[in-house]
Structure formats: C-alpha cells, structure tokens
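> Model the structure of this input:
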Amino acid sequence: MTNPNPDVADKLAAEAEHAESTRDAELAYQRRRPSGGQAVYGLRLPTERIAQLRRLAEARGIEPSVLARGWMIEQLDRAEAGNRDPGTDRWERDLRATAEHLRELLDERPGA
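Residues are numbered from 1 along each chain as shown. Next comes the predicted model:
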C-alpha cells in the first residue's frame, strides 16, 4: 500500500471519531414517500419519448414520473374493466405481428 496523504488521513480519522461519538444520536431522517404497497418497475423508453413526457409534465406542473404513473394506472384499470382505448387493439395487434415476424426471421437464420 502506498503512503496515504496526511491531510486525507487526518480528515478520515476526524470523521471516524465524530461518527463514533455520535453513534447513538437521534437522526432527523424521514422518508419522503411511504413505501406501503408500492414497487419500482423500470421502463425503457426512446429518448425522444422521455423528452416528450417531460414537456407534457412540465406543462401540467407535475413531475414526469407522476404523469407516467397516472397514465399507466389508468390504462391498467381500463384494460381490466374491458374499456379499451380503440387505438390499443390496433397497437397490440401490430406488436404481436411484429414479434411473430421477428420470431420467423430468427428461425430462418442459417444454423438456427
């Protein structure tokens, strides 16, 4: 190991001493949001769609995540209730057709 910088070593020692002396101190930490019944789900979107989401959220005066979450919940509720958006059926058909076409292309590869 190389010789540590004396200033850095002194600062680390002081921080360690402070941490030990305040080990039982009451911290003023609070969670910003309750975590009950929620989970994080990552969603990959094209960059231009992220920019679009940010613009729309800013125009409404809310965070992009709040807007996206509201839309997602609304669509999930519609789908379960059978009240589908007319464009959704077409979008799902197109997605299924594209996925099927990609499977066929993969199956046709040499050596597949």
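
> all contacts plus neighbour counts: C-alpha atoms, from now on.
OK.

> State the distance from the residue nearest the centre of the chain to Glu92.
For the chain, the residue nearest the mean C-alpha position is Gly42 (4.0 Å; CA atoms, centre = their mean). From Gly42 across to Glu92, the span is 21 Å (CA to CA, to the nearest Å).

> likewise Glu20?
For Glu20, the distance to Glu92 - CA to CA - is 58 Å.

> Can you check which helix is longest in the chain?
Using DSSP state H to define each element, the chain has its longest helix at helix 86-107.

> just the helices in this structure please.
With DSSP H as the criterion, the chain has helices spanning 6-21, 47-60, 64-81, 86-107.

> how many neighbours does the closest residue to Ala68 other than its chain neighbours have?
Of all residues not flanking Ala68 in the chain, Leu53 sits nearest, at 7.6 Å (CA to CA, 6 or more residues apart in numbering). Using other CA atoms under 10 Å, Leu53 is surrounded by 17 other residues.

> Leu53: what's it in contact with?
Going by CA atoms under 8 Å, 6 or more residues apart in numbering, Leu53 touches Pro64, Leu67, Ala68.

> Select only the buried ones of the residues you listed in ChimeraX?
Per 16 or more other CA atoms under 10 Å, the buried members of the contacts of Leu53 correspond to this ChimeraX selection:
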select :64,67
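
> now the contacts of Leu53 as JSON lines including distance to Ala14 and pLDDT?
Shown next, in JSON lines, are those (distance: CA to CA, whole Å; pLDDT from 0 to 100):
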{"residue": "Pro64", "distance to Ala14": "42", "pLDDT": "93"}
{"residue": "Leu67", "distance to Ala14": "45", "pLDDT": "93"}
{"residue": "Ala68", "distance to Ala14": "45", "pLDDT": "94"}
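
> could I get the contacts of Leu53 as JSON lines with distance to His101?
Listed next are the contacts of Leu53 as JSON lines, based on distance: CA to CA, whole Å:
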{"residue": "Pro64", "distance to His101": "34"}
{"residue": "Leu67", "distance to His101": "33"}
{"residue": "Ala68", "distance to His101": "30"}
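
> which one of the contacts of Leu53 is nearest Glu48?
Distance to Glu48 across the contacts of Leu53 (CA to CA) is lowest for Pro64, with 13.7 Å.
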